[in-house]
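[1] structure for this input, please:
(one chain, ligands or ions: 1)
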Amino acid sequence: MTQSINRRGRRALLRRILVAAGASALFHTRYSAIAALKISQKAVAYQDHPEGDKRCEKCAQFQAPNACKMVDGAINPQGYCRIFVPIRQSMLHLGSTGDYSDPV
Ligand code: SF4
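    From the prediction side, this is the model:
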């Protein structure tokens, strides 16, 4: 009787370990996929200096102090790339009217 209970206990413990390991593997896979979604600096022609008045610190994708939501690697706040999105323009997309025109 005691051996039967111990066996059931061990099976339940093993099941829990396998479920936890599976969940951990799934989380790791998803996290890696998200991390891999960033674009290379080369693909967007990233440069470490501004293009006129366009620079990363004025871009909606910029994450201070030196990262970007879209582009991989260290990003200079004074840099620039082809997918630059001005902060002002991105704020218009958040408007409640659905109209993307400039209200000014
Ligand atoms: Fe990222 Fe914008 Fe700089 Fe391009 S311009 S690297 S999208 S912060």
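[2] got the residues of this protein near the ligand?
    Residues of the chain found near the ligand (Cβ under 6 Å from any ligand atom) are 44, 46, 56, 59, 61-62, 68, 70-71, 75, 79-81, 83-84. Yep, even glycine has a C-beta here, placed from its N, CA and C like the rest.
[3] of the residues you listed, buried ones?
    44, 46, 56, 59, 61-62, 68, 70-71, 75, 79-81, 84 (16 or more other Cβ atoms under 10 Å).
[4] restricted to strands, list those.
    The strands, defined by DSSP state E, take in F62, C68 from these.
[5] in this protein, which ranges drop under the pLDDT threshold?
    In the predicted model, the chain carries pLDDT under 70 at residues 1-5, 13-14, 17-36, 89-104.
[6] tell me the domain ranges of it?
    According to automatic domain parsing, the chain comprises the domains 1-37, 39-104.
[7] so how many other residues sit close to P65?
    P65: 9 surrounding residues under other Cβ atoms under 10 Å.
[8] contacting residues for it?
    With contact taken as Cβ atoms under 8 Å, 6 or more residues apart in numbering, P65 is in contact with P77.
[9] assign a three-state SS to it, would you?
    Following DSSP: H, G, I helix; E, B strand; the rest coil, P65 is assigned to coil.
[10] any idea how far H49 is from it?
    Note on P65: its distance to H49, by Cβ to Cβ, to the nearest Å, is 17 Å.
[11] quick one: the helices in the chain?
    Ranges of helices in the chain, per DSSP state H, are 2-35, 87-93.
[12] state the distance from V85 to D53.
    Distance from V85 to D53, by Cβ to Cβ: 14 Å.
[13] E57 is in contact with C68, correct?
    No: using Cβ atoms under 8 Å, C68 is not in contact with E57, being 10.9 Å away.
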